[in-house]
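Asks: Here is my input, please return the structure:
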Amino acid sequence: MSTRRETWTFPTPFDYIHTRCSLGSYSSYKTEIAQQAFRNLTPGTGWLEAQEITCDICCDDESLPRDGALVRWADEMRRASAALDRPLSGYHEGLRTWFEEVGFTDVRELVFKIPLGHWPKDRRLKELGARWRANFIEGLSAFSMAIFHRAFQRSAEETEVCFFFSSKPWLMSIKEMKPLAGGGWEVWEQSFGNFVC
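Replies: Here you go, the predicted model:
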């Protein structure tokens, strides 16, 4: 396929199709992926598995400041992706419904919360949060530059200044998150399959 919007023309059906962290790659995951995958899977035994993450920042206890740098960045990312017709949010509201609407049965959904920071008391979640924080901090500039330039015509310098990526307050707001500001993401993993034609 030269573009994602082309009709899939594979001569043999697949047993398994998988997507991971593909948010922002499609204008419509339902029609460009789920529907096409359904048509290209082995009837009765084929599976589509989606492991997707949203750009929405969540907080169980509502202690994450809604006007803080992290939330502003996520809001800007959503706004930019909408302007480019490549949504970075809405996956958690839509995946299950989209897959059922295109014909998948035996739909299963697992939601995993990922902390952003080392604040969890649970040892496994503390390790996961520390790694996720490091990944986020290292990739923050890269996640942001192209999309903000394409959507808002911002230069690299304007993007850096807008969110103070290199400043201590911005980094500390991520590095030093405590339980009362325990922001994070949710990851949705869906396995869809065993459909009847």
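Asks: which ones are touching Leu23?
Replies: Contacts for Leu23 (C-beta atoms under 8 Å, 6 or more residues apart in numbering) come out as Glu52, Ile53, Thr54, Cys55, Pro87, Leu88, Ser89, Tyr91. The C-beta positions use only the backbone N, C-alpha and C, and glycine is treated the same way.
Asks: ok, those residues vs Trp119, which is closest?
Replies: Distance to Trp119 across those (C-beta to C-beta) is lowest for Ile53, with 19.5 Å.
Asks: Wait, the closest one touches Cys21, no?
Replies: Yes: the criterion here is C-beta atoms under 8 Å, and Ile53 meets it with Cys21 at 5.8 Å.
Asks: So for these two, which sits in the more crowded spot?
Replies: Taking other C-beta atoms under 10 Å, Ile53 and Cys21 do not tie; Ile53 has more neighbours (19 against 11).
Asks: Now do that one against Glu158, distance only.
Replies: According to C-beta to C-beta, to the nearest Å, Ile53 stands 26 Å off from Glu158.
Asks: What about Tyr16, how many residues nearby?
Replies: Neighbours around Tyr16, by other C-beta under 10 Å: 14.
Asks: residues contacting it?
Replies: Counting by C-beta under 8 Å, 6+ apart, Tyr16 touches Leu41, Gly46, Trp47, Leu48, Glu49.
Asks: do Gly94 as well
Replies: Under the criterion of C-beta under 8 Å, 6+ apart, the contact partners of Gly94 comprise Tyr29, Lys30.
Asks: Sticking with it, tell me its helix or strand.
Replies: helix 91-101 (DSSP states H and E).
Asks: List the buried residues of that helix.
Replies: With burial defined by 16 or more other C-beta atoms under 10 Å, the residues of helix 91-101 counted as buried are Tyr91, His92, Gly94, Leu95, Arg96, Trp98, Phe99.
Asks: Let me see the confidence value for Ser63.
Replies: If you check Ser63, the pLDDT there is 72.
Asks: ok, it - how many residues close by?
Replies: Neighbour number of Ser63 under other C-beta under 10 Å is 13.
Asks: Can you tell me the SS state at it?
Replies: What DSSP: H, G, I helix; E, B strand; the rest coil gives for Ser63 is coil.
Asks: Downstream of the top helix by length along the chain, the next helix or strand is which one?
Replies: For the chain, the longest helix by residue count, based on DSSP state H, is helix 123-152. Next helix or strand after helix 123-152 toward the C-terminus (DSSP H and E): helix 156-163.
Asks: Could I get the CA-only coordinates of that following helix as PDB?
Replies: Coordinates of the C-alpha atoms in helix 156-163 are reproduced here as PDB (Å, rounded to 0.1, in the frame of the first residue of the first chain):
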ATOM      1  CA  ALA A 156      11.300  24.500  17.200                       C
ATOM      2  CA  GLU A 157      12.200  27.500  19.300                       C
ATOM      3  CA  GLU A 158       8.500  28.500  19.700                       C
ATOM      4  CA  THR A 159       7.600  25.000  20.700                       C
ATOM      5  CA  GLU A 160      10.400  24.900  23.200                       C
ATOM      6  CA  VAL A 161       9.400  28.300  24.700                       C
ATOM      7  CA  CYS A 162       5.700  27.400  24.700                       C
ATOM      8  CA  PHE A 163       6.200  24.400  27.000                       C
END
